[in-house]
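1. After the sequence you'll find the predicted model.
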Amino acid sequence: MKSLLLATLALTATTFCPAASTPKAAPHIIGDYVEVRTASVFTGACHYNGELVTTGHEAVMAWNVTAGAWHGVDLAGVRAMAAVSSDANLGDERATRTAELIVDPAASEAQASALASLLREKCGARLGSITSVRRAPVTFNHDAGQFSASSDGYASMIVSPLPDAACCKQPHLVWYSPLTPLDHRKVGFTQSAAYTAGTLGDTWERQGENSAFYGSFTF
């Protein structure tokens, strides 16, 4: 009789107290990314050491968000560029950094604000203080492995893959990490890159060197 009573109580509890549902994981924020530095990121040791103390204080980068939301704001389709300037080579984690963010006007104000919040939280240590968030047209193209991004009067870059994925075959010659964490990051060949705004520091141009990173990001 006691066993029957316990079994009945257990059945009743199961009937009226169903197991709690497993909470759904927040959707990842994903997209494409490209970055160019004012120093080679894949090169011989002598070249790297020569640039380490003389250049590499700047970078331009671009994001193209393809899916995901941040604090309830859908970021799919948002395009943005940024420039970073540092008082030392960007490989120095102690260097003081400042950044400007440009968000394409196709994004709403809520999306622009959410993207800035996302980058401050996820990339703040690498980008430094984002001193301004401005709106201007941003183009971002990824075609046949080649990346190009630009915002007229601000910055531009065209980056191609390295022949034979050399950065994967010789990883000991990759000296830095991207300013945005990437899935399966690759080193790119900078056909051309420029920062022309001059609002963050001196303008600069680079071309014909292995000074780029590209890949997919997931936050």
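-> Nice, I can see it.

2. for the strand ranked longest in the chain, packing partners?
-> Longest strand in the chain by number of residues (criterion: DSSP state E): strand 183-195. When contacts are defined as 3 or more Cβ pairs under 8 Å, 6 or more residues apart in numbering; DSSP states H and E, strand 183-195 packs onto strand 30-37, strand 58-67, strand 155-161, helix 166-169, strand 204-206, strand 209-218. All C-beta atoms are positioned from the backbone trio N, CA, C, and that covers glycine.

3. Okay, and G124 sits in which element?
-> helix 109-127 (DSSP states H and E).

4. what separates that helix from the chain centre, distance-wise?
-> Centre-to-centre, helix 109-127 and its host chain are 10 Å apart (Cα atoms, centre = their mean, to the nearest Å).

5. Could you do stretch 135-145 as well?
-> Counting by Cα atoms, centre = their mean, stretch 135-145 comes out at 14 Å from the chain centroid.

6. what's the answer for stretch 85-105, then?
-> Centre-to-centre, stretch 85-105 and its host chain are 13 Å apart (Cα atoms, centre = their mean).

7. same deal with stretch 126-140?
-> A distance of 12 Å separates the centroid of the chain from that of stretch 126-140, by Cα atoms, centre = their mean.

8. What lies in contact with that stretch?
-> 32, 62-64, 79-82, 84, 86, 96-105, 112-113, 116, 119-120, 147-154, 179-180, 199-200 (Cβ atoms under 8 Å, 6 or more residues apart in numbering).

9. Distance check, the nearest residue to S192 once chain neighbours are set aside against A88.
-> Among residues not flanking S192 along the chain, Q207 sits closest, at 4.5 Å (Cβ to Cβ, 6 or more residues apart in numbering). Q207 is 24 Å from A88, where distance means Cβ to Cβ, to the nearest Å.
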